[in-house]
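Engineer: Turn this into a structure:
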Amino acid sequence: MIAKEERISTHFVAGAGFPLAGKKNLSVKDIVDYPFLLTEKRMGYRRVFDDTLAKRLLEIQPVLEIGRTDLITSSLERGVGISFLPEFVTSKKVSEGKLVYLDVVDFEIDIWKQLIYHKNKWLSKPLEAFIEYVKRMEFDNEED
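Structural biologist: Alright, predicted model coming up:
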């Protein structure tokens with residue numbers, strides 16, 4: 001049972017001083033040869049990212065693959081390369097002017113945040129309360 005879901009925006013992101021920062025109408029082909037810092041292969045959005053590239057007969061050989069997005073974003077701030085990350089990871093540093101979203105116009109991936117529970121399992125009162133708490137705290141306070 002999907003208790004709640006919402007679309008998560010993902011972006012190509014780089015340090016504010018990166019050579020492609022501020023350039024308009026980039027194609028994914030314009031950026032694939034730059035150094036990439038990515039999350040580990042087969043992790044959620046990374047798997048979808050790789051599959052989407054493969055459908056276009058494109059491949060990225062990352063210079064770093066790591067599960068810690070904080071290390072990726074701090075490396076990007078120093079101008080190390082490009083990454084593809086969800087907005088919730090990057091929005092604060094973008095608003096601070098440390099990172100920028102690259103204007104890649106031909107690449108969009110739908111990623112969803114979902115709260116799921118088994119519909120045929122009994123839900124205790126504490127579990128029901130937890131589900132309501134997560135819905136309230138992790139989703140945009142929208143009504144069902």
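Engineer: now this structure, which segments are flagged as low pLDDT?
Structural biologist: 140-144 (pLDDT under 70).
Engineer: Can you pull up the most central residue in it?
Structural biologist: With distances taken as Cα atoms, centre = their mean, residue 86 lies nearest the centre of the chain, 2.0 Å away.
Engineer: Touching, that one and residue 10? I think so.
Structural biologist: Yes. Using Cβ atoms under 8 Å, residue 86 is in contact with residue 10, at 5.2 Å. Every residue, glycine included, has its C-beta placed from N, CA and C.
Engineer: From the contact counts, what lies against the helix or strand containing residue 126?
Structural biologist: Element membership of residue 126, judged by DSSP states H and E, is helix 125-138. For helix 125-138, the packing partners by 3 or more Cβ pairs under 8 Å, 6 or more residues apart in numbering; DSSP states H and E come out as strand 2-8, strand 111-116.
Engineer: ok, residue 52 touching residue 110?
Structural biologist: No. If you go by Cβ under 8 Å, residue 52 and residue 110 don't touch, sitting 10.1 Å apart.
Engineer: more neighbours, those two?
Structural biologist: Taking other Cβ atoms under 10 Å, residue 52 and residue 110 do not tie; residue 52 has more neighbours (15 against 10).
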